[in-house]
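Student: A predicted structure for the sequence below; I have some questions about it.
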Amino acid sequence: MTQLENHQIAPSPNHPMSTIGVVGAGQMGHGIAHVMLRAGHNVLLLDTSQAFVDAGAKRIVKGLARDVEKERLTEEQRQQAVTRVKATTVLADLAAADFVIEAVTEKFEVKADVFHSLESHCPPETIFASNTSSISITKLAAATQRPTKFVGLHFFNPVPVMKLVEVVPGLQTAPETVEKAIALAASAKKTPVRVNDFPGFVSNRVLMPMINEAVFCLMEGVADAAGVDNVMKLGMNHPMGPLELADLIGLDVCRDIMMVLYESFHDSKYRPCPLLEKMVAAGWLGCKTGRGFYEYPRS
Ligand SMILES: NC(=O)c1ccc[n+]([C@@H]2O[C@H](COP(=O)([O-])OP(=O)(O)OC[C@H]3O[C@@H](n4cnc5c(N)ncnc54)[C@H](O)[C@@H]3O)[C@@H](O)[C@H]2O)c1
């Protein structure tokens, strides 16, 4: 286990017993870890390789420094926050977590495997949450031995900025688990909205088909990327165009969510646009790879 700035993990001032495990240090995982630290929790951040976990930790440190610049945290709170995170590649280190939030690749098998492995390390009272965008919480919960202590906790990108968290109980989730999930989201100054477990919940059931249709418009030459985005920004008052938003989310994530909707509803209206598939195959995944519908020069 490596520790940021070589400090001992300190008890959190606001929530003495709240240690949050975050599995996956990517776009969402590092953001979730960041807001949990900002809320005063301890964080155990895990990814598959030291390079990934270090990259996530680096982004958190940068984010906390930005919080000081924007006067969301004092310098003292920032210094305190960095002592409360441990970055690790060893799953057994998450045994100390009260609540584990999984934010790995949007594939059922990958997530189920993570929860299966976690189960041998975490005590039965630890609550498991998934940040899945679209996979059934009931199905993920049923793959564990603790379906009553399993809940969907769907944060939005970028996590430090977006207010919404969809809280999604599975069929077997206990009411106390939902209450704890709502309290955790609220402690991070988010607005939890309870949503029932259906593919894509509300957010991606509505958003992803719109993004996918925007990609069809581009593929069919209805307009270029800027044209599609300008129509939605200037005509519908969307703060970002759907193609810009797809680049921010990650085109692989968008494709994976469309596949979950397609396979869950067995309805061809959810088929991913072939251009989206092609761009994912090329590795043009949006902001995170420097190229998607737009280009993002590396500084
Ligand atoms: N990107 C978004 O806008 C967004 C928004 C809401 C929810 N989500 C959901 O959050 C989850 C993560 O998405 P992301 O955009 O952060 O993806 P990402 O690719 O940026 O990060 C995923 C991370 O998980 C790690 N990982 C993969 N398998 C692992 C394992 N077995 N153990 C530990 N770490 C593992 C990867 O190395 C990577 O760092 C997905 O379920 C996605 O649907 C994404």
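Tutor: Now that the structure is in, tell me what you want to look at.

Student: State the number of residues packed around the residue in the chain positioned nearest to the ligand.
Tutor: Residue of the chain nearest the ligand, by CB to the nearest ligand atom: Gly26 (1.9 Å). C-beta: built from backbone N, CA, C; applies to glycine. Close neighbours of Gly26, defined as other CB atoms under 10 Å, add up to 18.

Student: Report the contact partners of it.
Tutor: 47, 52, 56, 103-104 (CB atoms under 8 Å, 6 or more residues apart in numbering).

Student: Show me what from this structure comes close to the ligand.
Tutor: Proximity of the chain to the ligand, by CB under 6 Å from any ligand atom, involves residues 23-29, 46-48, 52, 103-106, 110, 114, 131-133, 155-157, 249-250, 253.

Student: Can I get the buried part of those residues as one ChimeraX selection?
Tutor: The ChimeraX selection below is limited to those of these classed as buried (16 or more other CB atoms under 10 Å):
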select :23,24,25,26,27,28,29,46,47,52,103,104,106,114,131,132,133,155,156,157,249,250,253
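
Student: Which of the residues of the chain next to the ligand fall in helices?
Tutor: Members of the residues of the chain next to the ligand lying in helices (criterion: DSSP state H): 27-29, 52, 110, 114, 249, 253.

Student: residue ranges for the helices of the chain, please.
Tutor: Going by DSSP H, the chain shows helices at 27-38, 50-69, 75-82, 108-119, 137-142, 175-187, 203-219, 225-230, 236, 242-249, 251-265, 274-282.

Student: Please name whichever of the ones you listed is nearest to Tyr296.
Tutor: Across these, Tyr296 has its closest neighbour in helix 242-249 (7.6 Å, CB to CB).

Student: Show me what the closest one is in contact with.
Tutor: Identification of contacts with helix 242-249 by CB under 8 Å, 6+ apart yields 157-158, 207, 210-211, 213-215, 218, 225, 228-229, 232, 240, 254, 276, 286-287, 292-294, 296.

Student: Contact partners for Phe293?
Tutor: Contacts of Phe293 (CB under 8 Å, 6+ apart): 218, 225, 243-244, 246-247, 279, 286.

Student: looking at this structure, which helix or strand does the model trust least?
Tutor: Ranked by mean pLDDT, DSSP states H and E, the helix or strand of the chain with the weakest confidence is strand 2-3, at a mean of 42.

Student: got the contact list for Leu184?
Tutor: By CB under 8 Å, 6+ apart, the contact list for Leu184 reads 18, 20, 99, 153.

Student: Leaving out the residues flanking it, which one is nearest to the first one?
Tutor: Counting by CB to CB, 6 or more residues apart in numbering, Ser18 lies nearest to His41, which is 4.5 Å off, once chain neighbours are set aside.

Student: roughly how far apart are the one you found and Gly235?
Tutor: Counting by CB to CB, to the nearest Å, the separation of His41 from Gly235 is 42 Å.

Student: Compare those two (neighbour count), which wins?
Tutor: Set side by side, His41 and Gly235 show more neighbours around His41, with 24 against 8, by other CB under 10 Å.

Student: My guess is the more buried one contacts Ile32. True?
Tutor: No - using CB atoms under 8 Å, His41 is not in contact with Ile32, being 10.5 Å away.

Student: re the thing from before, could you identify the most distant pair in the ones in helices among the residues of the chain next to the ligand?
Tutor: Farthest-apart pair in these is Val114 and Ile249; separation 20.9 Å (CB to CB).

Student: now this protein, which segments are flagged as low pLDDT?
Tutor: In the predicted model, the chain carries pLDDT under 70 at residues 1-17, 299.
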